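**Q** 3D model of this:
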Amino acid sequence: MLKAYLAPVATPRYAIASSGLTGAPLRSLADLSEIRGRAISHLPETSFLTVRNAAGGDHHFTMLSNSAHSNVAELLGDTKRRLPDEDDLTLVNGFIGAYPNAFFVVNAAELPGFVSAVRGLASEADFQNLLTRYGIRRTDERFWAHSDALQAAYRQWAPKEAGLFDYNRFENR
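**A** Numbering: from 1, shown residues only. Below is the predicted model:
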């Protein structure tokens with residue numbers, strides 16, 4: 001009801017369908033956004049996902065890992081109140097957040113494999129394998145070129161809001 005009520009003023013720019021991808025890649029992204037549970041707890045809080053289509057065009061998404069808690073009223077001891085089986089993933093078109101923790105680059109044809117790998121995350125080793133296959137670590141020689149491409153895409157996508165990404169929280173695991 002809330003979605004219907006806000007529809008006249010809500011912007012569709014964050015909707016996955018607004019990305020320009022269609023068919024199987026769009027279905028794979030919808031599958032990715034539906035992943036729930038412990039697998040999500042192995043992902044960093046904010047990841048930028050770049051999907052390359054067959055023509056070489058890039059589509060950018062933000063993956064937000066949402067950590068579930070039984071109670072957030074206290075500042076300390078939050079690990080006691082964690083509910084990892086209830087973690088979920090928010091996937092949006094474009095960019096949310098100025099502090100990305102990870103970059104992933106996936107060819108559109110490989111999206112089902114990426115989704116399957118995320119769904120199957122059960123350990124730090126699994127996440128390392130995901131990064132090795134699809135990630136760009138800070139020590140990767142492609143890091144700064146990819147960063148520049150993301151900055152340019154962000155300026156084009158949101159010219160009034162775009163700023164510089166801050167990599168102080170970027171993980172290099």
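
**Q** which parts of this structure are helices?
**A** Assigned by DSSP state H, the helices in the chain fall at 2-6, 23-33, 111-119, 124-134, 143-157.

**Q** tell me which other helices or strands the longest one touches.
**A** Pointing back at helix 143-157 there. Counting contacts by 3 or more C-beta pairs under 8 Å, 6 or more residues apart in numbering; DSSP states H and E, helix 143-157 is packed against strand 46-52, strand 58-66, strand 102-107. Backbone N, C-alpha and C define where each C-beta goes, glycine included.

**Q** buried ones in that helix?
**A** Burial within helix 143-157, assessed by neighbour count using 16 or more other C-beta atoms under 10 Å, is assigned to 143, 146-147, 150, 153-154.

**Q** pLDDT value on the residue nearest in space to the middle of the chain, please?
**A** The centroid of the chain falls nearest to Met63 when counting by C-alpha atoms, centre = their mean (1.8 Å). With respect to pLDDT, Met63 has a value of 97.

**Q** one step back: in TSV, list the helices and strands packed on helix 143-157 along with distance to Ala122.
**A** Output for the helices and strands packed on helix 143-157, formatted as TSV (distance: least, C-beta to C-beta, whole Å):
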stretch	distance to Ala122
strand 46-52	18
strand 58-66	15
strand 102-107	18
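
**Q** no further questions, thank you.
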